[in-house]
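Participant: What follows is a predicted structure for the sequence shown.
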Amino acid sequence: MIAAAPKGMRLHIGIFGRRNVGKSSLLNAITRQNVSIVSEHAGTTTDPVEKPMELLPLGPVLFIDTAGIDDIGALGELRVRKTRQVFDRTDLGVVVTEPSGWGEFEDRILAELAERKIPAIVVFNKTDTRRPDEAIVSRLAADKIPTVQTAAVSGTGIVDLRQALLDAAPAEFINSPTLVADLVGPGEMAVLVVPIDKEAPRGRLILPQVQVIRDLLDGDAFCMVVKERELRAALDRLGTPPKLVVTDSQAFLKVAADTPPNVRMTSFSILFSRFKGDLLAQVEGAMAVDSLRAGDRVLVAEACSHHPIAEDIGRVKIPRWLTQYVGGKLHFTHVQGHDFPDDLPEYKLVIHCGACMSNRREMLTRVMRCRQAGVPITNYGLVIAYSLGIFERALEPFPAALDLYEALKHRKK
Ligand code: SF4
């Protein structure tokens, strides 16, 4: 298993609000676990409760559930002090209130967050019983503070809250820290396989290849770049086997055949699934290929608007391989750039490119929208590896993804 993210790397989300506005039940609804005491009586949460978790699609976060800071009395003062310390380590503040409960207290929390330049989200909880005051909602909108309406007990609005957290999270927590450098250490060798065919632009490499080379150099690793035909000869010449072979997904089968079994192998787009998107969600998405039936609609999305050529991977090769795999005609729709359709439930599968031109927030939002619509999403490299029967091989460098695949495969049986 991949080691858990250190606490300092996690996005710290402080949950603030008066006693008994439902902070704990909100946290439970997000995490789907009982992490703090939920009580009918005001102020049951005595200490800030920390809950580290993987919040899809954001990644590792630490929720800090505060005690009510409007408390009075000696015990209350202790709570107030502890809650104030939470501000010091909060990257993103969530202010929870009841629909009719807005007052000076909530304004004070927002002011404190603003003063510290901490982004904030306001959650009106318990909206199953009444609506929030329109005047307050408009004022917050004018101040550019996002608001979400929830009923934590029934789970209403929790998906909206996840999206709001993703939208408001500071960029440094959205940008995945590593592309490949964690897989190939200083002084170790990676071999990159770059087919120079009709699809390759003249006189240059494409961005995912350039970024992988740069990441390896930044990590003091060695890097050899070869075409697929020369791979075996290049490997034979190396005194020590490389730590990793990374190939363009289109050459997967040949590269898998030419790379010795003791050398790990993956593709550029699988590296980018982890770097820009959500590898685990997209691994699960690739397995949805088995549920495709003739006549189903498949969306192919590319994050840049390159001009399609004769043997285009998204328009020709993947549709051809998938049609063969399914054994019947599928209906493919293609979108490019920032276009992403609203009618996602119409599709049985979304296949995305590596998204090297997108920022991670945009890609994660797409993963989230698919999840919301109940449509699996995967990416080029993953779907190719799956349909060619080399999925496990291509996931070997990512133990968590391999574990998930094994578990899902087991469940399918
Ligand atoms: S954005 Fe997508 S289609 Fe465009 S170069 Fe990057 S991976 Fe390829």
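Facilitator: Structure's in. What do you need?
Participant: Show me the shaky parts of the stretch 1-150 of the chain.
Facilitator: Flagging of the stretch 1-150 of the chain using pLDDT under 70 yields the residue ranges 1-9, 32-47, 57, 67-84.
Participant: ok, which stretches of it are strands?
Facilitator: Using DSSP state E, counting those that start in this stretch, the strands found in the stretch 1-150 of the chain span residues 11-17, 49-55, 59-65, 92-97, 120-124, 147-149.
Participant: where exactly do the strands run in the stretch 301-413 of the chain?
Facilitator: According to DSSP E, counting those that start in this stretch, the strands that the stretch 301-413 of the chain contains are 331-336, 349-352, 377-379.
Participant: OK, contacts around the residue nearest to Ile158 when sequence neighbours are not counted?
Facilitator: Leaving aside its sequence neighbours, Ile158 sits nearest to Ala29 (Cβ to Cβ, 6 or more residues apart in numbering; 5.0 Å). Backbone N, C-alpha and C define where each C-beta goes, glycine included. Ala29 makes contact with 150, 152-153, 155, 158, according to Cβ atoms under 8 Å, 6 or more residues apart in numbering.
Participant: Could you dump the strands of the stretch 1-150 of the chain into TSV and include mean neighbour count?
Facilitator: Formatted as TSV, these follow (neighbours: other Cβ atoms under 10 Å):
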stretch	mean neighbour count
strand 11-17	25
strand 49-55	17
strand 59-65	22
strand 92-97	26
strand 120-124	24
strand 147-149	19
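Participant: Quick one: those as JSON lines, columns for distance to the ligand too.
Facilitator: Converted to JSON lines, those look like this (distance: least, Cβ to the nearest ligand atom, whole Å):
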{"stretch": "strand 11-17", "distance to the ligand": "26"}
{"stretch": "strand 49-55", "distance to the ligand": "25"}
{"stretch": "strand 59-65", "distance to the ligand": "21"}
{"stretch": "strand 92-97", "distance to the ligand": "28"}
{"stretch": "strand 120-124", "distance to the ligand": "30"}
{"stretch": "strand 147-149", "distance to the ligand": "31"}
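Participant: Reformat the ones you listed as a markdown table; add distance to Glu106.
Facilitator: Below are the strands of the stretch 1-150 of the chain laid out as a markdown table (distance: least, Cβ to Cβ, whole Å):
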| stretch | distance to Glu106 |
| --- | --- |
| strand 11-17 | 8 |
| strand 49-55 | 21 |
| strand 59-65 | 17 |
| strand 92-97 | 5 |
| strand 120-124 | 8 |
| strand 147-149 | 12 |
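Participant: Identify whichever of the ones you listed lies nearest to Arg366.
Facilitator: Nearest to Arg366, of all these, is strand 59-65, at 15.4 Å by Cβ to Cβ.
Participant: Adjacent strands (with direction) for the closest one?
Facilitator: Here strand 59-65 has these sheet partners by DSSP bridges: strand 11-17 (parallel), strand 49-55 (antiparallel).
Participant: rewinding a little: can you say which of the contacts of Ala29 are buried?
Facilitator: Buried members of the contacts of Ala29, counted by 16 or more other Cβ atoms under 10 Å: 150, 152, 158.
Participant: Closest one of the residues you listed to Gln336?
Facilitator: Ile158 (31.9 Å).
Participant: Enumerate every residue touching that closest one.
Facilitator: Contacts of Ile158 by Cβ under 8 Å, 6+ apart are 29-30, 150, 152.
Participant: mind running it again at 10 Å?
Facilitator: For Ile158, the contacting residues are 26, 29-30, 32, 148, 150-152, by Cβ atoms under 10 Å, 6 or more residues apart in numbering.
Participant: Got the domain ranges for this protein?
Facilitator: Per automatic domain parsing, the structural domains of the chain span 7-174, 189-270, 278-412.
Participant: which residue ranges form the helices in the stretch 1-150 of the chain?
Facilitator: 23-31, 73-88, 104-115, 134-142 (DSSP state H, counting those that start in this stretch).
Participant: can you put these in JSON lines and add distance to Ala286?
Facilitator: JSON lines is the format used below for these (distance: least, Cβ to Cβ, whole Å):
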{"stretch": "helix 23-31", "distance to Ala286": "27"}
{"stretch": "helix 73-88", "distance to Ala286": "40"}
{"stretch": "helix 104-115", "distance to Ala286": "40"}
{"stretch": "helix 134-142", "distance to Ala286": "40"}
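Participant: Which one, of those, ends up nearest to the ligand?
Facilitator: Closest of those to the ligand is helix 23-31, at 31.2 Å (criterion: Cβ to the nearest ligand atom).
Participant: Run the chain-centre distance for that closest one.
Facilitator: With Cα atoms, centre = their mean, to the nearest Å as the basis, helix 23-31 stands 21 Å off its chain's centre.
Participant: How about stretch 253-270?
Facilitator: 25 Å.
Participant: What residues of it count as buried?
Facilitator: For stretch 253-270, the buried set under the neighbour-count rule, 16+ other Cβ under 10 Å, comprises 254-256, 258-259, 264-270.
Participant: just to revisit the earlier point, among the contacts of Ala29, which ones are in helices?
Facilitator: Those of those mapping onto helices are Ile158, per DSSP state H.
Participant: what does the stretch 151-300 of the chain have sitting close to the ligand?
Facilitator: 206-208 (Cβ under 6 Å from any ligand atom).
Participant: Let me know the average pLDDT across stretch 350-363.
Facilitator: Mean pLDDT, stretch 350-363: 88.
Participant: returning to what we had before: among the helices of the stretch 1-150 of the chain, show me which one is buried the most.
Facilitator: helix 23-31 (a mean of 23; mean count of other Cβ atoms under 10 Å).
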